[in-house]
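> Need the 3D shape of this:
(chains A and B)
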Amino acid sequence: MTSFLVTFIQAVINGLLVGGLYGAVSLGLTLVFGVMKLVNFAHGEFLMLAMYVTYWFVVYTGMNPILSLAVSIPLLFTIGYLFEAFMLSRTLGLGDLPQILLTVGLSIFLQNFAQLLWSSNYRVVPVSYPNISYLFLGIYFSLPYLIVFASSLVIAAILWLFLQKTSVGLAMQAAAQDIVAAKLMGINTRSVFAISFGLGIAITAAAGSLLAPTYEIFPTIGSTFILLMFLVVVIGGLGDVRGAYLGGLILGLVVTVSNLFVTADLGQVILFIFFVLVLILRPNGLLGKMIK
Amino acid sequence: MERRRIMAMMVLFAILPLLGEFAGRQYVTLVIMMFFYATLASAWDIMGGRAGQVSLGNAGFLAIGAYTSTLLFLRFGISPWVGMFIGATVAGLSSFVIGLTALRLKGVFFVMSSLAFVQVVQLLLTHFVSVTNGDIGLFIPLTSNPTQMQFSQPIFYAWLIDGILFLAIFANYSISKRRIGFYLSAIREDEDAAQALGINTGLYKSLAFFISAFITGMVGAFYAQYFLFITPTSTATIPLSIQIVLAAIIGGTGKIWGPVFGGIVFEVLTYFLQLSFPTIAGLNYTIIGALLMLIVIVSPQGFLALVERMIRSK
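Next comes the predicted model:
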């Protein structure tokens, strides 16, 4: 019994650590939805691009993978900004369908372009975090998880400060609350949209670069994350930045604890059933803040 | 008028594969795959175009149709001619799983749950190895016996999928002429307003989705019989779901002929891309992804609408 308890607590700890990561990769998705009311189906592909940026950065320079943030964040911000400014902005106000199709199209394009450029081989960042675990009160804390968890907290904190303390952040919040009122207050919503989209991508890029050393990287890795991201943001309430982080933690717990009882692939099925149930029963998120 | 056009097209589509007598086997394969995508796009359009609910889950219905008919045949010896309809019914019923969310939710939530549906179907097919043979997939022994829906001449496969295509076209036509068609357009234009006017939006969306899934399930059974080999990753995949949507979008959604021609154009396009760059992995879909974005930006009403506009402006 005590041994089960230890296993259980271990699963909970691992779940929370992994959950921080789930939260971090999903922050950008929920931010973009909050401001633009747009679900970016290509979000996972930006994560994939950031991972490749880190991979090539380490291969060519041999430096610490964390330094690749200096490349991946500005690069993916620019890509996101330009995509919004030149393509997405044309579909705003035309309803859901064109936006869904545009981002789905982008997702296919990026996945296959990555395959074209870098082949579908699995790649491993040559310098990765040392795989050590610390034993504390009978529970193992793995170093890669701790690093990823700590950086996810930093990402979330920076985003939070940005939204609260900068004028651009406040403009984004205003646009999220009431787009017409924001326009009337003299906010250039078009540029706010482009910046929001770029920022949403940049946050995901940061998470992707930090994750890259702990994953095998391949062109369709984004699609293995995208449903997870949807789940996280739906649990947290679409558009709710704090909710997304919390949603990540909840999801991390569900994944690791359910893995104690069923095999991993059935665990996935349970995850999706959970997703559909949340969609049906609490479409505004488990935390239940109403959003229009 | 429309009915006469359908008859004319039916004759034309039935004659098309006959030209294989001169053009060769490769041509018949092309025609079969043209009809294959046209049928899938046409079935998708009942939900996607008429009711405006974008399903990225149709590959899941195809997989359910394919696996049901194949398992019934392999395990119980039930002819795929019967299995096709049982598979289609099971696929149709499974649409209610996503439909549950569709009753309450709109737009992006529906897309997300339909996306999750494909993934769940794939995971289940992979997991229950004792029933579905898991990743290895199911082989159907070659008998070339027409009572088991196997033909030695590929042209019969062309006529078979042709038949399902006309079922899809006829379903679209019937819906467009009936009250449900108008209800679905109302739902597409403004779901809240439709509901306020007393339309039972949940019922009509579920019905449209059932019909769409039913026909897609039939195509699944055809797929299994044509290739005689199915795996979870050749049927229940998100890329196949996206191809179906893309085919419909190219042609233009919400019209009877749009998705049909979209499917044909899509297959011709991929066929020639494959022919031109057979060895470069990823290039086809890079182009297809770019094409999808381009169509949305340049002509959201579809490629056909663009051609029409260009002809008219001359």
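
> Can you tell me which residues in the stretch 151-292 of chain A are near chain B?
A:219, A:223, A:226-227, A:230, A:234, A:263, A:265-266, A:268-269, A:272-273, A:275-276, A:279-280, A:283 (CB under 8 Å from any CB of the partner chain). Just so you know, the C-beta spots here come from the backbone N, C-alpha and C atoms, and that holds for glycine as well.

> In helices only, show me the residues you listed.
A:223, A:226-227, A:230, A:234, A:265-266, A:268-269, A:272-273, A:275-276, A:279-280 (DSSP state H).

> quick one: the residue minimising distance to the centre of chain B from chain A, how far?
Centroid check for chain B by CA atoms, centre = their mean gives residue B:40 as the closest residue, at 1.4 Å. Residue B:40 is 16 Å from chain A, where distance means CB to the nearest CB, to the nearest Å.

> Skip the chain neighbours and tell me the closest residue to that residue.
Counting by CB to CB, 6 or more residues apart in numbering or on different chains, the nearest residue to residue B:40 once its immediate chain neighbours are dropped is residue B:244, at 4.6 Å.

> Helix or strand next in line after the helix or strand containing the one you found, which one?
If you go by DSSP states H and E, residue B:244 is part of helix B:238-251. With elements assigned by DSSP H and E, the helix or strand that comes after helix B:238-251 is helix B:257-276.

> Does residue B:229 touch residue B:138 like I think?
Yes - if you go by CB atoms under 8 Å, residue B:229 and residue B:138 touch, sitting 7.2 Å apart.

> of these two, who's got more company?
residue B:138 (20 against 13; other CB atoms under 10 Å in any protein chain shown).

> Distance of that one relative to residue B:93?
Counting by CB to CB, to the nearest Å, the gap from residue B:138 to residue B:93 is 21 Å.

> Also residue A:237?
32 Å.

> Show me which of these two is the more surrounded one.
Neighbour totals were compared for residue A:237 and residue B:93, and residue A:237 leads with 26 against 15 (other CB under 10 Å).

> Please read off the pLDDT at the more buried one from the model.
pLDDT for residue A:237: 77.

> Could you double-check that it sits in contact with residue A:284?
Yes - assessed by CB under 8 Å, residue A:237 is found in contact with residue A:284 at 5.4 Å.

> What angle do helix B:238-251 and the helix or strand where the residue nearest to the centre of chain B lies make with each other?
Assigned by DSSP H and E, residue B:40 belongs to helix B:25-45. Put simply, helix B:25-45 runs at 90 degrees to helix B:238-251, going by axes from the mean of the first three to the mean of the last three CA atoms, to 10 degrees.

> List the buried residues for helix B:25-45?
Applying a neighbour-count criterion of 16 or more other CB atoms under 10 Å in any protein chain shown, one finds B:27-45 buried in helix B:25-45.

> Distance from stretch B:22-39 to the middle of the chain?
16 Å (CA atoms, centre = their mean, to the nearest Å).

> repeat for stretch A:118-138
Remark: stretch A:118-138 is offset 19 Å from the chain centroid, using CA atoms, centre = their mean.

> Helices of the stretch 151-300 of chain B, start to end?
Using DSSP state H, counting those that start in this stretch, the helices of the stretch 151-300 of chain B run over residues B:154-177, B:179-189, B:191-196, B:201-227, B:232-235, B:238-251, B:257-276, B:283-298.

> hang on, residue A:41 in a helix?
No - under DSSP: H, G, I helix; E, B strand; the rest coil, residue A:41 sits outside any helix and is assigned coil.

> That one against residue A:100, yeah?
Yes - because the distance of 6.5 Å satisfies CB under 8 Å, residue A:41 is recorded as touching residue A:100.

> Which residue of those two possesses the greater neighbour count?
residue A:41 (27 against 22).

> Can you tell me, leaving aside adjacent residues, what's nearest to that one?
residue A:103 (4.2 Å).

> next one: residue A:233
Per CB to CB, 6+ apart, closest to residue A:233 is residue A:30, 4.4 Å.

> Surely the one you found touches residue A:240?
Yes - using CB under 8 Å, residue A:30 is in contact with residue A:240, at 6.4 Å.

> more crowded one of the two?
residue A:30 (30 against 23).

> Quick check: buried residues in the helix or strand harbouring the more buried one?
Taking DSSP H and E as the criterion, residue A:30 maps to helix A:2-36. By neighbour count on 16+ other CB under 10 Å, the buried set for helix A:2-36 is A:10-36.

> Which strands and helices lie in contact with the helix or strand that it is followed by?
Remark: after helix A:2-36, the chain's next helix or strand is helix A:43-61, criterion DSSP H and E. Secondary-structure packing of helix A:43-61 (3 or more CB pairs under 8 Å, 6 or more residues apart in numbering or on different chains; DSSP states H and E): helix A:2-36, helix A:69-83, helix A:96-118, helix A:189-211, helix A:221-236.

> Okay, buried residues for helix A:43-61 please.
A:43-55, A:57-58.

> which one of these sits closest to chain B?
Checking the buried residues of helix A:43-61 against chain B with CB to the nearest CB, the nearest one is residue A:45 at 9.9 Å.

> sorry, back to before: can you tell me which of the helices and strands packed on helix A:43-61 is nearest to residue A:62?
The closest of the helices and strands packed on helix A:43-61 to residue A:62 is helix A:69-83. By CB to CB, the value is 14.2 Å.

> going on from the closest one, what's the next piece of helix or strand?
Sequence-wise, the next helix or strand downstream of helix A:69-83 (DSSP H and E) is helix A:89-91.

> Quick one: distance of that following helix to the chain centre.
Distance, centroid of helix A:89-91 to centroid of chain: 23 Å (CA atoms, centre = their mean).

> Give me the pLDDT value at the residue nearest to residue A:233.
Looking at residue A:30, the pLDDT reads 85.

> Give the residue spans of the chain that score low on pLDDT.
Because you didn't say which chain, this covers chain A. Counting by pLDDT under 70, the low-confidence segments of chain A come to A:1, A:127-131, A:264, A:283, A:285-292.

> I was thinking of chain B, sorry if that wasn't clear
In the predicted model of chain B, residues B:1, B:101-106, B:300-304, B:314 satisfy pLDDT under 70.

> re earlier: now the residue nearest to residue A:233: how far from residue A:52?
Distance, residue A:30 to residue A:52, by CB to CB: 24 Å.

> I'd like to know how many residues surround the nearest residue to residue A:174 once chain neighbours are set aside.
With sequence-adjacent residues excluded and distances taken as CB to CB, 6+ apart, residue A:174 is closest to residue A:182, at 4.2 Å. By other CB under 10 Å, 20 other residues sit near residue A:182.

> repeat for the one 3 residues further on
Other residues within reach of residue A:185, judged by other CB under 10 Å, total 11.

> so who does it touch?
residue A:174 (CB atoms under 8 Å, 6 or more residues apart in numbering or on different chains).

> ok, 6 Å please
By CB atoms under 6 Å, 6 or more residues apart in numbering or on different chains, residue A:185 lies in contact with nothing.

> Check residue B:142 too.
Under the criterion of CB under 6 Å, 6+ apart, the contact list for residue B:142 is empty.

> Quick check: the gap between it and residue B:96.
Look at residue B:142 and residue B:96: by CB to CB, they are 36 Å apart.

> As a check, name the ranges of all strands in the stretch 1-150 of chain B.
Along the stretch 1-150 of chain B, the stretches classed as strands by DSSP state E, counting those that start in this stretch are B:138-139.

> Those residues of it touching chain A, which are they?
B:54, B:100-101, B:105, B:107-109, B:111-113, B:116, B:120, B:123, B:127 (CB under 6 Å from any CB of the partner chain).

> Let's see that with 7 Å instead.
Taking CB under 7 Å from any CB of the partner chain as the contact definition, the stretch 1-150 of chain B meets chain A at B:52, B:54, B:100-101, B:104-105, B:107-109, B:111-113, B:115-116, B:119-120, B:123-124, B:126-127.

> All the helices of the stretch 1-150 of chain B, residue numbers only.
Here the stretch 1-150 of chain B has its helices, by DSSP H, counting those that start in this stretch, at B:2-15, B:20-23, B:25-45, B:58-76, B:80-104, B:107-127, B:129-132.

> Most tightly packed of these?
helix B:58-76 (a mean of 26; mean count of other CB atoms under 10 Å in any protein chain shown).
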